[in-house]
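> Whatever this is, show me its structure:
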Amino acid sequence: GTDPELGMDLPCPEWAQHVERRWSGLGSAGRDRFSLLTDLDGIFLSAQSHVQNEDLEVLSGLCGRFSVKKCPERAARFREQGNLSFKSRDYTSAALYYSRGVCHAGKGTEQLSVCYANRSAALLHLGSYRKCLQDIQRAIDEGYPEHLRHKLTDRRAQCLSRLKEQEAASSEPQTPQASGLPRVHVTPGKGRHLLAAESVVAGEVVLRDEAFGLVLVPGDGRHTAAGADCVLGTEHTYCHHCLCQTSSCVPCGGCSYARYCGQRCAEEAWRLYHCLECPVGSELLALGVLAHLALRVALKAGLKEVQRASHSRLGTVSDVPEAASDGKPGSCGETSYLLSDLDVEECSRCSDHSSCYHGRTYLGVYSLLPHVVSHAPSLRFLLAFTMAALFQRLREAETSPEMWSCPEEGGDIGDWREEQSILGTTALRHMMQLRCNAQAVTAVRVKEDSSLAVQASGEVRIATAIFPVLSLLNHSCCPNTSLSFSLGRGSDAAGSSASGVTVTVRACRDVAAGQELLHCYGPHCSRMDVRERQRLLLEQYFFQCHCEACELDLAAGPEKLAAASPGLQCERCGRSLQVRADVHVCSQPSCGYRISAPDLQRRVQTLQHRLDQAVDLMENDRLGEEEQQCEACLLCMSPRTMILRCSFASLWLLEGALRVLQDTTTQADRILTKTHPLQGELADAVARLYATMGNWNLAAAHLELSVAAVRCQFGEDSVELGQQLFKLAQLYFNGRDQQAALSVIPTARRVLSLHCDPHCEELQELQQMEACLGGAG
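Alright, predicted model coming up:
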């Protein structure tokens, strides 16, 4: 499994530019010497020798943008923002803002106790009674003022009363089992890959895997300053250890960034890795998610496992029954193993463990190829120099993680510089592996806003993870599998430890026994042409793609590929355009219309820019500017006047967005067919806007246009089409169009069932809508 957006995970641009200057400063001889190094120990030691104090000063300067220090002033500001949200009855946002206050307030301060107390009030309104009781106790433990404690006493009584009414616990949904274990197939030229052990029907589960390590992606995944005041990013809504969604986090005691769904996750994270990460939190944010995840994977593995994996005779491999093997151990021919969760045994057939199946163990991660030589020397230097600079900072840490501690005779942790060197080399290995094997973990996020009749939602990237078994899937630009993720159940889940993050692999079309299971690494044939796919896969993953989709596209020949201009139409007669050299010409010879490719590209980019502007107008008055305006108006207006003014401002913005979208659609109709992807985005935005205004019929009419564009681009069985059909069913349902809703729901359910868990919110809501409409009929 891979992450299609790893550019976001590399170090921030300022650091990358600094390292590029350092690389240039080595001179040709120095660059040549470094380029010849292929051993990871040698690469890491060489990079360490080049790190100087001035480099660390540059890193320190960048860390100011990513501060993770506690700040009483910011705690107070977030508490006030929480109060504003509470007054407007937006209790979810209130709880999240109070949580940010909790993270910035110091231990044992009145500010912390008040934040906990205020958050308990929001949780009471949200029906999170157990969480409310926990916050009440935390407020008391942090010294909540005596003269106000009667409020907490009354709140606790309300909680206990309502908790008794809520005692009827819902049964835990059953997780569908995999239809049949895949086989790990090993060939000399292709390496490890997975085959279907038996025939699989579209929608069936073929594999589950658990993340060995993960790091949450802050904000919107870009290098923005951590903790911007009026932004509620992923780091504020998900547990940093198990990714359980939470509005009542438990903060790290040492920094303002890390937060957890409960005490169990907080303690486990501290024991495994955060005790070392906490002092360098700013550096980790500046140096990117890949460096952070590489370090975390090594820290979680521990010294013993790393040493075991790094010595060829001490590795472990999942026990494969002799009857399951199609080849002989130690042979150089093809070998096939059935995936099994049986005991482990020693791996003696290969020196680097890359020809064996190691299950979900650390060796399953370690055995992934780092592709050292395939990385360009300058990129190799960036990764190694980044890790070396990080470890210079780590040397200043006063503690070492339990899994990397080597107590001296007296029982105290001694000088662990030797272990740090092993840790650094191992983390560098993982950083190189992750460029080809990191996987984006996604979730559907709803933009909470009580003023909207329809909640806007979309899939967002919340973390980057490494899955040992998923990483064995090879790529196809037209894959036969799709992924869905299950986040942790949280610290309150039954059991001794928090549940891990898992990925479920489903067949998105029928797969015959013995056929290879294939996953898309990002470049998909429905999203980009074959030349762009081939370039990206070679650049990031170091292979030339020969999947069926690429072979078909390449067999068509460059002339046929160049002549195709899907979705583009003649501005004069409306016929399709064809490409000749660097010019688009009308397919109707008598028309004679032509436009240069750069001019056409500029016009399409202008349309995209105007669409983005309209979307900004639609969303601008949500959690950011509207709250700043309300706070500014608070001193001179009554609450009612303030709310009315913000409502008029919101209506004005929506009407402005509608005018922009209508004008942009008119311009798009001149050069783009209705099935062009950009036309689909425009229609979707107009549908969202009309839904916000409560005009369900117009919203549905425009979303139908978007559905047609999405179907043309992604296909009948795509998850993208399923998501659009789900939204269309919602609009029909809200508009009381029973017949239209009942005609769409079965198709939406069928398509989403190919990609999503049966208990996902979308499928559950479709079932509820159908039951409701069936009863009404």
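> where in the stretch 201-350 of the chain is pLDDT low?
The stretch 201-350 of the chain contains residues with pLDDT under 70 at 220-232, 312-350.
> Repeat the analysis, applying 50 as the threshold.
Where the stretch 201-350 of the chain drops to pLDDT under 50, the residues are 221-230, 312-333, 341-346, 348-349.
> Do a quick rundown of the helices in it.
For the stretch 201-350 of the chain, the helices defined by DSSP state H, counting those that start in this stretch cover 234-237, 263-269, 275-277, 281-287, 289-301, 303-310.
> possible to save the ones you listed as a markdown table with distance to Gln613?
Every residue, glycine included, has its C-beta placed from N, CA and C. A markdown table is the format used below for the helices of the stretch 201-350 of the chain (distance: least, Cβ to Cβ, whole Å):
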| stretch | distance to Gln613 |
| --- | --- |
| helix 234-237 | 25 |
| helix 263-269 | 41 |
| helix 275-277 | 39 |
| helix 281-287 | 30 |
| helix 289-301 | 30 |
| helix 303-310 | 51 |
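> so which of those gets nearest Val206?
helix 289-301 (25.4 Å; Cβ to Cβ).
> Of the helices of the stretch 201-350 of the chain, which is nearest Tyr116?
For these, the distance to Tyr116 is smallest for helix 263-269, at 13.7 Å, taking Cβ to Cβ.
> who does that closest one touch, helix- and strand-wise?
Packing partners of helix 263-269 (3 or more Cβ pairs under 8 Å, 6 or more residues apart in numbering; DSSP states H and E): strand 250-251.
> for Ile745, what are its contacts?
Ala729, Leu766, Met769, Glu770, Leu773 (Cβ atoms under 8 Å, 6 or more residues apart in numbering).
> Next: Glu762.
If you count contacts by Cβ under 8 Å, 6+ apart, then Glu762 has Val444, Gly722, Gln723, Phe726, Ala748, Leu752, Cys756 around it.
> hmm, back to that, want to try JSON lines for the helices of the stretch 201-350 of the chain, with distance to Trp15 and mean neighbour count as columns?
As requested, these are exported to JSON lines (distance: least, Cβ to Cβ, whole Å; neighbours: other Cβ atoms under 10 Å):
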{"stretch": "helix 234-237", "distance to Trp15": "20", "mean neighbour count": "21"}
{"stretch": "helix 263-269", "distance to Trp15": "26", "mean neighbour count": "19"}
{"stretch": "helix 275-277", "distance to Trp15": "18", "mean neighbour count": "22"}
{"stretch": "helix 281-287", "distance to Trp15": "6", "mean neighbour count": "24"}
{"stretch": "helix 289-301", "distance to Trp15": "10", "mean neighbour count": "26"}
{"stretch": "helix 303-310", "distance to Trp15": "26", "mean neighbour count": "18"}
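> now the strands for the stretch 251-400 of the chain?
With DSSP state E, counting those that start in this stretch, the ranges of strands along the stretch 251-400 of the chain come out as 259-260, 316-318, 335-338, 344-346.
> Neighbours of Phe66, how many?
Neighbour count for Phe66, taken as other Cβ atoms under 10 Å: 21.
> Quick check: it vs Trp15, distance?
Applying Cβ to Cβ, to the nearest Å, the value for Phe66 to Trp15 is 11 Å.
> what residues are shared contacts of these two?
Any residue near both Phe66 and Trp15 by Cβ under 8 Å, 6+ apart counts here, and that gives Ala286.
> State the number of residues packed around Gln739.
Neighbourhood size, Gln739 [other Cβ under 10 Å]: 9.
> Then Ser60?
Neighbours of Ser60 using other Cβ under 10 Å come to 13.
> Could I get the average pLDDT for the host helix or strand of it?
Using DSSP states H and E, Ser60 sits in helix 53-63. Mean pLDDT, helix 53-63: 94.
> Buried ones in the next helix or strand after that helix, by neighbour count?
Later in the chain than helix 53-63, the nearest helix or strand by DSSP H and E is helix 72-87. The neighbour-count check on helix 72-87 (16 or more other Cβ atoms under 10 Å) flags Arg74, Ala75, Ala76, Arg77, Phe78, Arg79, Gln81, Gly82, Asn83, Leu84, Ser85, Phe86 as buried.
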